[in-house]
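**Student:** Below is the sequence, then the predicted model.
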Amino acid sequence: MKRKPSGQQKRSVTLYHQCWLDKFTLWQEHLFDLQAQFDKISRFEDRLRQGRSSVLYPNFMAAKWREVYDKEKRKQQEQEWNGGREEGEVT
């Protein structure tokens, strides 16, 4: 036969249960939110879009820099091949 718990045992179990619930609710409040980081980045990108910043397009910028670099390099090579003369220069 099961015996009934005494009043003090009930209070101790209730207290233990309440402490566990308090810890659990605190734990739930401080969970890591995966969506929060994405939202933060999205808000920052929106701010950049409103200012029409070119920082949003790093690949575009890199491609443009590469194009300018290649154009300068080709120009230098052509000058070396032409003996240092610029295009259209007659000697």
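**Tutor:** That came through, no problem.

**Student:** drop to CA atoms for contacts and neighbour counts, all remaining ones
**Tutor:** OK.

**Student:** just the helices in the chain please.
**Tutor:** For the chain, the helices defined by DSSP state H occupy 7-29, 34-50, 58-81.

**Student:** Can I get those in CSV including mean pLDDT and mean neighbour count?
**Tutor:** What follows is the helices of the chain, written out as CSV (pLDDT from 0 to 100; neighbours: other Cα atoms under 10 Å):
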stretch, mean pLDDT, mean neighbour count
helix 7-29, 86, 11
helix 34-50, 89, 11
helix 58-81, 87, 12
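
**Student:** ok, now which ones touch residue 34?
**Tutor:** If a contact means Cα atoms under 8 Å, 6 or more residues apart in numbering, then residue 34 has no contacts.

**Student:** State the distance from the spatially most central residue of the chain to residue 35.
**Tutor:** A centroid search over the chain (Cα atoms, centre = their mean) returns residue 41, at 5.6 Å, as the residue closest to the centre. As for residue 41, its distance to residue 35 is 10 Å (criterion: Cα to Cα, to the nearest Å).

**Student:** Residue 4 now?
**Tutor:** For residue 4, the distance to residue 35 - Cα to Cα - is 49 Å.

**Student:** what do you get for residue 25?
**Tutor:** 20 Å.

**Student:** go on, residue 20?
**Tutor:** 28 Å.

**Student:** Residue 58 now?
**Tutor:** 24 Å.

**Student:** now do residue 65
**Tutor:** For residue 65, the distance to residue 35 - Cα to Cα - is 35 Å.
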